[in-house]
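>>> structural data only, the sequence is not supplied:
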């Protein structure tokens, strides 16, 4: 099962101090505080780097009190872990929805998953940078999570072995190598401040993965004739 790291839990983090949820109850107020804190952390980490972000800066950015922060999290690292875990959970749900919306051949599934990855990095560069660039050096708990997330595509890519004429020649580590190449492509563009260029690089990245299993001609065909984007779910 593919576990794709969507760096930002999309809609659920988009309430802002200027535009809070329409109706606040005690429960929704608690959730809104958490959303503000996570969004603030991601923004500050992307701008300054994790070591330079203090809790005092987070609460100022989030428009909450220090007491409110500690009501939610015991430390800055605990807050970052929640951000990371929330992103992975949201991404898992999102990718499942897209890939299960309509049965697709393996190559088209790969193309759709990579397109989602590129679009999400481009749409949410602050949290993408926080997760992909910053999290590996935060501490053991985040490094372990990042290691797992960076292999998110391994199981999906491995499905191509059954289609490959040279499956017996493929190295055991090829899926991890390709998954690493996907994350490295995002890393390079985030560090350069041009995350939108990952979408431009998507055809080459998709072809790189596919040709490993189904050859250059079929890989090029899939890239030229992509599967239609699944329709968004109706809320």
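It's in. Not measured: the values here are computed from a predicted model.

>>> got the residue ranges for the helices in this structure?
Here the chain has its helices, by DSSP state H, at 26-48, 55-62, 66-72, 76-101, 106-123, 125-129, 140-149, 154-158, 174-191, 197-224.

>>> could I get the buried residue list for the lowest-mean-pLDDT helix or strand in the chain?
Lowest mean confidence among the helices and strands of the chain (mean pLDDT, DSSP states H and E): helix 76-101, at a mean of 86. Across helix 76-101, burial judged by 16 or more other Cβ atoms under 10 Å covers 76, 79-84, 86-88, 90-92, 94-95, 98-99. No exception for glycine: its C-beta is placed from N, CA and C like everyone else's.

>>> got the helices of the chain as JSON lines, with distance to residue 166 columns?
Below are the helices of the chain laid out as JSON lines (distance: least, Cβ to Cβ, whole Å):
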{"stretch": "helix 26-48", "distance to residue 166": "42"}
{"stretch": "helix 55-62", "distance to residue 166": "51"}
{"stretch": "helix 66-72", "distance to residue 166": "52"}
{"stretch": "helix 76-101", "distance to residue 166": "26"}
{"stretch": "helix 106-123", "distance to residue 166": "16"}
{"stretch": "helix 125-129", "distance to residue 166": "34"}
{"stretch": "helix 140-149", "distance to residue 166": "29"}
{"stretch": "helix 154-158", "distance to residue 166": "15"}
{"stretch": "helix 174-191", "distance to residue 166": "11"}
{"stretch": "helix 197-224", "distance to residue 166": "9"}
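
>>> and of those, who's closest to residue 167?
Comparing the helices of the chain by their distance to residue 167 (Cβ to Cβ), the top pick is helix 197-224, with 8.1 Å.

>>> could I get the average pLDDT for the closest one?
On average, the pLDDT along helix 197-224 is 93.

>>> elements contacting the least confident helix or strand of the chain?
helix 26-48, helix 55-62, helix 106-123, helix 140-149 (3 or more Cβ pairs under 8 Å, 6 or more residues apart in numbering; DSSP states H and E).

>>> now find how far off-centre it is within its chain.
Taking Cα atoms, centre = their mean, to the nearest Å, one finds helix 76-101 lying 7 Å from the centre of the chain it belongs to.

>>> now do the contacts for the closest residue to residue 69 other than its chain neighbours.
Among residues not flanking residue 69 along the chain, residue 59 sits closest, at 5.1 Å (Cβ to Cβ, 6 or more residues apart in numbering). Residue 59 is in contact with 37, 40, 65-66, 68-69, counting by Cβ atoms under 8 Å, 6 or more residues apart in numbering.
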